[in-house]
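Novice: Next one to model:
(2 chains)
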Amino acid sequence: MSVFTQFPLVFPVFVASSLPLPATTQKIPTAYRLLSYLFFYFLSCASQVVADPNTLTMFRVKGSLELRCQLDSTEASHIQKVLSRAFESLRTQMKSESCVFTVCDTPVIIWPNKGVFEDISPESSCDDVLQRIQSDKPESGGKRATKKKSKKDLSSVVSLYLLVEVTKPGPLSAPVISKTVQKSHFLSAALPLDCAVRTHCKETIKDVCDRLVEALTQQLCEMEKVMLQHMKGTTLLIPEPLHFLLPEPKGLVTVIFPAGVPDKELETQRRELHQRFELSDDRPYFRRANAYHFPNEPYKDGYLRNPHNALTHPTLENGKVYMVQGIYSYHHYMQDRMDDNGWGCAYRSLQTICSWFQQQGYVEQPVPSHKEIQQALVDVGDKQASFVGSRQWIGSIEVQAVLNHLLGITSKIMFVSQGSELASKGRELANHFLTEGTPIMIGGGVLAHTILGWHGVSLQDRFLMHTMGWCGWKGPEFWDQTAYYNLCLPQRPRVI
Amino acid sequence: MGRVYIVDEDVEGYLSKLCPQQAGPVTGLLIGQSSAQKDYVVIAAPTPKDEESAGKTVDKEWVSEHARQVSRMLPGGLTVLGVFMITDADAKDTVTTLRQLVFGVEKLISSEQQWSPAEDDVTDCVTLHVNPKTRKTVCRTFDIKDPKSTAKPAEWKYQSGVGSSWTTVSCWLNVDLFIPLPESRTTKGSAHKCLQEGLNVWTQQIENAVFLINGKKLPEDSELTSGQRRNVRQTYTAQLLTTVEEQRSAHVLQRCGGSVSVRGAAHCRAFLHTHKPKVKLAEKLLKRDAISTVATRVQMLLDEPLASEEQIKDTSGDKQQTEENCLPRRIFCPLRASGSLHVCDYQFSDEGLSEIVDRLKEMLDIDTAEEDLDTTQEMTAEITQSSFPTDPPEETNEELEPKRNNYIGAFMAAAAALLATAASMIYFSDM
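Specialist: Modelled structure (predicted):
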């Protein structure tokens, strides 16, 4: 997020607002909603942040190798010996001539250990490979067409698949069938390999492939360690690689976790990782939800992420921009087939806040629906049972109560008696974004918004916020000068 | 609008040769390749003489059994297309018999088939009635997918050189199967079921593999070649790239009562009738051949009652009992002196080439000599020392091979034993 403070950008004016008053029965046309939705999406595709001149490309290879072994006894030392042998043979296979990489969306096939490059020259640079992908990829709708070819996507990823060639040049000897009759145990599992390396644009594809083979072999070693570490009797857990983007200069690291083990049982491992990478102990970096989301993978739930990234941000003399840290998903009116037009803005703000806690890995609960929010308030005794299913508003106190009850999050409430005073609270809000980094819910006047950022110098403070159908920077004139406002500032738990 | 069968002239000559032979009906199989528009017939194989029936009536089960064994001898692209019958009975009267024959044949063959059928497979089978005196042929087809289908007329055309310039696609497939056996050995059926499941998993992998021709992945509808002249024999080498299906869950060590592992290489080959074949067809036929040749051989070996099977009765002990057997190796025989087509057979380690020659004569009525056989595609496997720390290899070979009443077989076994000793000495000296 600090990148926004470094690059001065032009401040545009955003209009697109609609302020439904509770009294009106006028419905906001869905076409309008759709338009504003699409507008943000196009923007997020087309607008680019000016990048570091040494643009880095990521090469990511994914594949599965079969781990299998037969065990005569279930004694721990025997399992260890057999597993080690099985992993050794996989490592040999990794370095053998039957290991093959195919580059997605191109006919390029590479045998890295044989030096055979099909449809590409081994001396091609990573830039060339990217160009190939962008030109070979079939047109997938309007979004791609609007993408500017001249500006390179900062985070471009080349995806490769790992395959094993089962044919060999012959003649070879006919098969032998071997039948063993003995009470024993066997294990047959597919290991999900997933390695990513960052490359410079001028690096050759041959070097990148060598690095990938090395990374995959190394990953097999780590998988062996994790499997043996988490072995319990006859239960062996499949090791699962996850990528985490750590603050620079550490960059992308890959960690192997045992599949199926929830985050709370892996605290020791996370603590050790925090120590190894010298990360602070008060915020999570290695929870499953923190896993790096590669730009070429869609989000399964379909929500927009961080729409404010699509905006260009204000530049003012001596001003700093303080923003929400991390990723949240954008929840607004009329989503999820919930017709909350006119009364749901605080609920949506609360959902956005919940999504922040979920996506940073602090909680595992999914974002609550309107009914779940209302039920939570009934459960804590704040509202009557009839509240559930109604279209009643909630305010910042209710938001605080729900965050506490459903997610175990505490929040601070800030009270502003007059809208004109809001500007003076700027410093406090800036501090909040620095230390907590969570989105703020503000309610008052006739509606609620979510504050995602603050930029201020004396009287020209601007708040970055979203609500209803838009997201934008608003100055002091936005606030109702005489109304009072309540703000809910969620506090980030100090855990890893 | 019926199907068109383009038949090689040699088949015509062969059928005529069969005509004046005996009074009773002569049945046999028609072998070739189907395509969407036409079918090509290259071999006519008569049903071998069965001592009991002595040519009086048509033995439907025997015809089906013959077809089952013959289809194991056909590389990819060659399949049993239907049956023929040479009889002076009227064409109308033989329809029912021919229909029963062809349905029985297809049913038995498809029950053994390991690969999954495709949408674009042709499901029509041909029946040919030949009158031995007039040499007149009546050709009809049945749709075997439809049990109620009726005979549809089809065209039977002779042409020279059918099968002379078919394209060949081949590869050597590295097989590394590992199939656990069930814990309780009460029923042989459960072991068989496990084997079938294990083979199915492997079959899926092969069917989903990426198919390369000459190192390239070509689009499905493109041709293997472009602008080649006719009558130039074309061969291509294919490659297969596989992956395993991901499972994301904790894995408990499973109990088992043993395992079956198949390791080695199989030579796979498929023939394509056009000289401009599509990649999709090449992929389909080669993969089918790969699956069939491995599954057939595993089946062949497990069908044989192994001599030591009866000795393994005690399951309570933890003693490890391992048997190793060589799968029979694949040997090819050219169909005609010229032309690219081959048929194949499997040679067990205790058999000699003369047995192959005999079988080819019996099953397909092909006259060939030992020196014409192509034995270079697969080498005889040598059983390694690893599972028998104490027994020397020559005893292993002779102990486990099924006994055959054949002096030549014994001689071959001794020769194989000598070879195995020599190989193991080299093995040890390398280690």
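Novice: for the residue lying closest to B:G257 once chain neighbours are set aside, helix, strand, or coil?
Specialist: Spatially, and ignoring its direct neighbours in sequence, B:G257 is nearest to B:E183 (4.3 Å; C-beta to C-beta, 6 or more residues apart in numbering or on different chains). Every residue, glycine included, has its C-beta placed from N, CA and C. What DSSP: H, G, I helix; E, B strand; the rest coil gives for B:E183 is coil.
Novice: Counting neighbours, what do you get for B:E183?
Specialist: 15 (other C-beta atoms under 10 Å in any protein chain shown).
Novice: Would you check that it makes contact with B:R255?
Specialist: Yes - judged on C-beta atoms under 8 Å, B:E183 makes contact with B:R255 at a distance of 5.3 Å.
Novice: residues shared between the contacts of those two?
Specialist: Jointly contacting B:E183 and B:R255 under the rule C-beta atoms under 8 Å, 6 or more residues apart in numbering or on different chains are A:K183.
Novice: before we move on, back to that, which residues touch the residue nearest to B:G257?
Specialist: Applying C-beta under 8 Å, 6+ apart, the residues contacting B:E183 are A:K183, B:R255, B:C256, B:G257.
Novice: Let's see the pLDDT reported for it.
Specialist: For B:E183, the model assigns a pLDDT of 80.
Novice: Return the distance of stretch B:206-215 from the chain's centre.
Specialist: With C-alpha atoms, centre = their mean, to the nearest Å as the basis, stretch B:206-215 stands 21 Å off its chain's centre.
Novice: How about stretch B:285-305?
Specialist: 7 Å.
Novice: Tell me which of the contacts of B:E183 fall in strands.
Specialist: Using DSSP state E, the subset of the contacts of B:E183 located in strands is A:K183, B:R255, B:C256, B:G257.
Novice: Which single one of those is nearest to A:F257?
Specialist: B:R255 (27.6 Å; C-beta to C-beta).
Novice: hang on, isn't the closest one packed against A:L187?
Specialist: No - between B:R255 and A:L187 there is no contact, the gap being 11.1 Å when judged by C-beta under 8 Å.
Novice: quick one: which of the two has more around it?
Specialist: Per other C-beta under 10 Å, whichever of B:R255 and A:L187 has more neighbours is A:L187, with 21 against 14.
Novice: wait, does whichever strand or helix holds that one make contact with chain B?
Specialist: Using DSSP states H and E, A:L187 maps to strand A:176-200. Yes - for strand A:176-200, a contact with chain B is found by C-beta under 8 Å from any C-beta of the partner chain, at A:176-190, A:192.
Novice: Give me the local confidence score for the closest residue to A:N296 other than its chain neighbours.
Specialist: Nearest residue to A:N296 in three dimensions, chain neighbours excluded: A:V157, at 5.0 Å (C-beta to C-beta, 6+ apart). Listed pLDDT for A:V157 reads 88.
Novice: mind checking how far A:V157 is from A:R198?
Specialist: A:V157 sits 10 Å away from A:R198, taking C-beta to C-beta, to the nearest Å as the criterion.
Novice: can you list residues touching both of those two?
Specialist: Counting by C-beta under 8 Å, 6+ apart, the residues touching both A:V157 and A:R198 are A:T57, A:M58.
Novice: And the ones in strands among the contacts of B:E183, which of them are buried?
Specialist: With neighbours counted by 16 or more other C-beta atoms under 10 Å in any protein chain shown, these contain buried members at A:K183, B:C256, B:G257.
Novice: Residue of chain B closest to chain A, please.
Specialist: Of all residues in chain B, B:G264 sits closest to chain A, at 3.0 Å by C-beta to the nearest C-beta.
Novice: Show me the chain divided up by domain.
Specialist: Answering for chain A, as no chain was given. A:56-131+A:155-164+A:184-290, A:307-490 (the TED database).
Novice: nope, chain B
Specialist: According to automatic domain parsing, chain B comprises the domains B:4-159, B:167-327+B:381-428.
Novice: roughly how far apart are the residue in chain A that chain B sits nearest to and B:T87?
Specialist: Going by C-beta to the nearest C-beta, chain B is nearest to A:P175 of chain A, at 3.0 Å. Look at A:P175 and B:T87: by C-beta to C-beta, they are 44 Å apart.
Novice: quick one: which of those two has more around it?
Specialist: Shown here are A:P175 and B:T87; by other C-beta under 10 Å, A:P175 has more neighbours (29 against 20).
Novice: Not counting residues beside it along the chain, what's closest to the residue of chain B closest to chain A?
Specialist: A:P175 (3.0 Å).
Novice: go on, B:Q100?
Specialist: B:K60 (5.8 Å).
Novice: count of neighbours near that neighbour?
Specialist: Neighbours of B:K60 (other C-beta under 10 Å): 15.
Novice: Export the buried ones among the ones in strands among the contacts of B:E183 as a markdown table, with columns for pLDDT and distance to A:S417.
Specialist: Shown next, in a markdown table, are these (pLDDT from 0 to 100; distance: C-beta to C-beta, whole Å):
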| residue | pLDDT | distance to A:S417 |
| --- | --- | --- |
| A:K183 | 86 | 80 |
| B:C256 | 85 | 75 |
| B:G257 | 85 | 80 |
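Novice: Let me know the closest of those to A:K62.
Specialist: Proximity of these to A:K62 (C-beta to C-beta) peaks at B:C256, which lies at 30.3 Å.
Novice: partners of that closest one in the sheet?
Specialist: Taking DSSP bridges, one obtains A:S184 as the residues bridged to B:C256.
Novice: That one touches A:F186, doesn't it?
Specialist: Yes - B:C256 is within contact range of A:F186, at 5.0 Å (criterion: C-beta under 8 Å).
Novice: What backbone torsions are found at the nearest residue to B:T87 once chain neighbours are set aside?
Specialist: Once flanking residues are discounted, B:T87 sits nearest to B:P25: 3.8 Å by C-beta to C-beta, 6+ apart. In terms of degrees, to the nearest 10, the main-chain angles of B:P25 are phi -70, psi 140.
Novice: B:P25 contacts B:F84, correct?
Specialist: No - under the criterion of C-beta under 8 Å, B:P25 makes no contact with B:F84, lying 10.2 Å away.
Novice: When these two are compared, which one has more neighbours?
Specialist: The neighbour comparison of B:P25 against B:F84 (other C-beta under 10 Å) goes to B:F84, with 26 against 19.
Novice: any idea whether A:A423 is helix, strand or coil?
Specialist: Here A:A423 is helix, with the state taken from three-state DSSP.
Novice: and what of B:C125?
Specialist: Assignment for B:C125 (three-state DSSP): strand.
Novice: Of the residues of strand A:176-200 next to chain B, just the buried ones, PyMOL syntax please.
Specialist: Buried residues among the residues of strand A:176-200 next to chain B (16+ other C-beta under 10 Å), as a PyMOL selection:
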select buried, chain A and resi 176+177+178+179+180+181+182+183+184+185+186+187+188+189+190+192
